[in-house]
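K.L.:
only geometry, no sequence info:
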Ligand code: GLC
């Protein structure tokens, strides 16, 4: 019914609903909005961002040296993938000390210096908290495996096998093979959802919970703005260890495909999230979750019944719309808008193929990269960018097994090539190694760095980077884009995705041409009390005249409705 009403009527009603703003609350702006609702987050994969000491691997001083770039781009918070001491089996997602920095990335002093550089520019630092497991080299696990009566024995999940050579049940690791590893020293198996070098912590042990909550406190006191919580779906397992149901077929590792009925998304996860949120609230921080939700009902659970869990559970449902389909995006955006918390939009990260290739058609990838920016940076919600997305970096997977660095790429080759392709070094300029390092980097720089790099794109007003900057600038200054409601319009259009974002002060129309042909869209502005739309940001010749917006192929038009 909502969508059949005229816009002017809807906009009028929605604008005059009472506001729940409380300008007095710390961490909120004058209008009562929490900082993380307005912030643009940017994920940095530290190995690949900037290498200050020329050892081929990025580091914290490198990140600090790029703070002006990040500020100028329009980033308000950086999420740094794990930079803690680690044997690097899973490139940092195997943490051997939660309260330090890996020497490869620098020192705690470097961390403090980087945070202070960020703070000077109003940028918050978000750390990646690997909650499900530690490294097998963490002192807790070393003690745990030393004897059945060790102080930390019950900090991990140890069980007897079903019989000689038989693991406790049929659960498989998401990285291939059984999820149980036999340890001959104590004659029991320990559980690992990921690699065997990543034993799962036993969150049923209150000592584990206390210790982990303290870790967040320790970092908050050091000035971090919050955490991205890694792999929260997998924190708990069925204590009775029921076998998972087996589905048809085999995965890339040759294991039977399982329904993860007993080893993921157990209700106890929410107790932990509430505990972490309590600490977070003391520091006015934010919790982002790596939440692989199947639907909005699951997403809602992660916000918490009283909005007391994650502020920003990542909406990967959005990343599953893998083609330029207005209908599919409309459906997904509407679903996320109906959720009980504030939406979070992600289109790329260090585990998934970059958006540049997922949506690109091979010919118009730059236009399509701008189109995607026009979409996820103008929706109602918080966007999380991924480094390099703003310059149109391409996924460049290894072509030979011997070049693969990500272990799942080696064990799963050729079906699973691993995640190296989306983790290649940031492309800063046209110099050797794309200006990332003076040494050969840990992963090769893709040849495309000559076409797509920061230095060149900063000079080119039509580059992907210049477009990102324009949209980010607009997003920070337009009240309608920051806080306004979302109203889908022209919902039957098969080629153009359009919506209006509006608040009391402003209405902004966003029109995104998801087709390779020019489109003329009649928005009927005049029927809704508006004269036309004044262009705020648009690609190429995309423009509005009266009721009609003309969009070039894959064009974007963002305009303020005028009376
Ligand atoms: C998360 C991380 C991924 C890592 C895994 C195990 O999914 O994003 O990179 O391999 O957790 O920690």
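P.N.:
Okay, I see it. Values in this document were obtained by computation on a predicted structure and should not be read as measured data. Residues are numbered from 1 along each chain as shown.
K.L.:
check contacts around the closest residue to the ligand within the stretch 351-500 of the chain.
P.N.:
Residue nearest to the ligand within the stretch 351-500 of the chain (C-beta to the nearest ligand atom): residue 351, separated by 4.8 Å. Backbone N, C-alpha and C define where each C-beta goes, glycine included. Residue 351 sits next to 419, 422 when contact means C-beta atoms under 8 Å, 6 or more residues apart in numbering.
K.L.:
then residue 433?
P.N.:
Residues in contact with residue 433 (C-beta under 8 Å, 6+ apart) are 425, 439, 440, 441, 445.
K.L.:
didn't the last one look like it was pressed against residue 435?
P.N.:
What that stands for is residue 445. No - counting by C-beta atoms under 8 Å, residue 445 does not reach residue 435; the two are 9.4 Å apart.
K.L.:
which one is whichever residue of the stretch 201-350 of the chain sits closest to the ligand nearest to, not counting chain neighbours?
P.N.:
Proximity of the stretch 201-350 of the chain to the ligand (C-beta to the nearest ligand atom) peaks at residue 231, 4.2 Å away. Nearest non-adjacent residue to residue 231, counting by C-beta to C-beta, 6 or more residues apart in numbering: residue 132, 4.5 Å away.
K.L.:
re the thing from before, contacting the ligand as well, which ones from the contacts of residue 433?
P.N.:
Near the ligand, judged by C-beta under 6 Å from any ligand atom, there are no entries from these.
K.L.:
buried ones in stretch 478-493, by neighbour count?
P.N.:
Judged by neighbour count using 16 or more other C-beta atoms under 10 Å, the buried positions of stretch 478-493 are 478, 480-490, 493.
K.L.:
in strands, which of these fall?
P.N.:
When DSSP state E defines the strands, the subset of the buried residues of stretch 478-493 inside them is 485, 486, 487, 488, 489.
K.L.:
format those residues as CSV; extra columns: distance to residue 291.
P.N.:
As requested, those are arranged in CSV below (distance: C-beta to C-beta, whole Å):
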residue, distance to residue 291
485, 25
486, 21
487, 27
488, 25
489, 30
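K.L.:
out of the residues you listed, who's nearest residue 181?
P.N.:
Of all those, residue 181 sits closest to residue 486, with 47.7 Å by C-beta to C-beta.
K.L.:
so who does that closest one touch?
P.N.:
Applying C-beta under 8 Å, 6+ apart to residue 486 gives the contacts 333, 337, 379, 380, 499, 500, 501.
K.L.:
mind listing what the closest residue to the first one other than its chain neighbours touches?
P.N.:
Using C-beta to C-beta, 6+ apart and skipping residues adjacent in sequence, the residue nearest residue 333 is residue 379, 6.3 Å away. Residue 379 makes contact with 333, 343, 345, 486 under the criterion C-beta under 8 Å, 6+ apart.
K.L.:
quick one: pLDDT of residue 28?
P.N.:
Looking at residue 28, its pLDDT reads 75.
K.L.:
that one against residue 34, yeah?
P.N.:
Yes - using C-beta under 8 Å, residue 28 is in contact with residue 34, at 5.6 Å.
K.L.:
okay, now the closest residue to residue 181 other than its chain neighbours: neighbour count?
P.N.:
Nearest in space to residue 181, with sequence neighbours left out and distances taken as C-beta to C-beta, 6+ apart, is residue 196 at 4.5 Å. Residue 196 has 18 neighbours, counted by other C-beta atoms under 10 Å.
K.L.:
identify the residues contacting residue 196.
P.N.:
For residue 196, the contacting residues are 136, 173, 181, by C-beta under 8 Å, 6+ apart.
K.L.:
among those residues, which lie within strands?
P.N.:
Among the contacts of residue 196, the ones falling in strands (DSSP E) are residue 181.
K.L.:
make a PyMOL selection of the buried ones in the contacts of residue 196.
P.N.:
To isolate the buried ones among those in PyMOL, judged by 16+ other C-beta under 10 Å, type:
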select buried, resi 136+173+181
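K.L.:
export the contacts of residue 196 to JSON lines and tack on pLDDT and distance to residue 277?
P.N.:
Listed next are the contacts of residue 196 as JSON lines, based on pLDDT from 0 to 100; distance: C-beta to C-beta, whole Å:
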{"residue": "136", "pLDDT": "98", "distance to residue 277": "29"}
{"residue": "173", "pLDDT": "97", "distance to residue 277": "29"}
{"residue": "181", "pLDDT": "98", "distance to residue 277": "33"}
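K.L.:
now tabulate the contacts of residue 196 in TSV and tack on distance to the ligand.
P.N.:
As requested, the contacts of residue 196 are exported to TSV (distance: C-beta to the nearest ligand atom, whole Å):
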residue	distance to the ligand
136	13
173	10
181	16
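K.L.:
dump the residue contacts of the closest residue to residue 136 other than its chain neighbours.
P.N.:
Leaving aside its chain neighbours, residue 136 sits nearest to residue 197 (4.8 Å; criterion: C-beta to C-beta, 6+ apart). Residue 197 sits next to 87, 89, 90, 94, 135, 136, 137 when contact means C-beta under 8 Å, 6+ apart.
K.L.:
distance of residue 197 from the ligand?
P.N.:
Distance, residue 197 to the ligand, by C-beta to the nearest ligand atom, to the nearest Å: 11 Å.
K.L.:
let me see the confidence value for that residue.
P.N.:
In this model, residue 197 is scored at 98, pLDDT.
K.L.:
now do it against residue 349, distance only.
P.N.:
As judged by C-beta to C-beta, to the nearest Å, residue 197 and residue 349 stand 22 Å apart.
K.L.:
try residue 87
P.N.:
Per C-beta to C-beta, residue 87 is found 23 Å from residue 349.
K.L.:
ok, residues contacting stretch 109-117?
P.N.:
Outside stretch 109-117, the residues that touch it by C-beta under 8 Å, 6+ apart are 59, 60, 61, 63, 64, 67, 83, 101, 125, 222, 223, 224.
K.L.:
again, 6 Å this time
P.N.:
60, 61, 63, 64, 67, 101, 125, 223 (C-beta atoms under 6 Å, 6 or more residues apart in numbering).
K.L.:
what about the first one, how many residues close to it?
P.N.:
Here the number of neighbours of residue 60 (other C-beta under 10 Å) works out to 27.
K.L.:
ditto for the last one
P.N.:
The burial count assigned to residue 223 is 15, neighbours taken as other C-beta under 10 Å.
K.L.:
gap between the residue in the chain that the ligand sits nearest to and residue 313?
P.N.:
Nearest to the ligand in the chain, going by C-beta to the nearest ligand atom, is residue 93, at a distance of 3.3 Å. Note on residue 93: its distance to residue 313, by C-beta to C-beta, is 19 Å.
K.L.:
neighbour count winner among those two?
P.N.:
It is residue 313, of residue 93 and residue 313, that has more neighbours when counted by other C-beta under 10 Å, with 29 against 23.
K.L.:
backbone dihedrals for the spatially closest residue to the more buried one that is not a sequence neighbour, please?
P.N.:
Spatially, and ignoring its direct neighbours in sequence, residue 313 is nearest to residue 302 (3.7 Å; C-beta to C-beta, 6+ apart). Main-chain dihedrals, residue 302, degrees, to the nearest 10: phi -80, psi -20.
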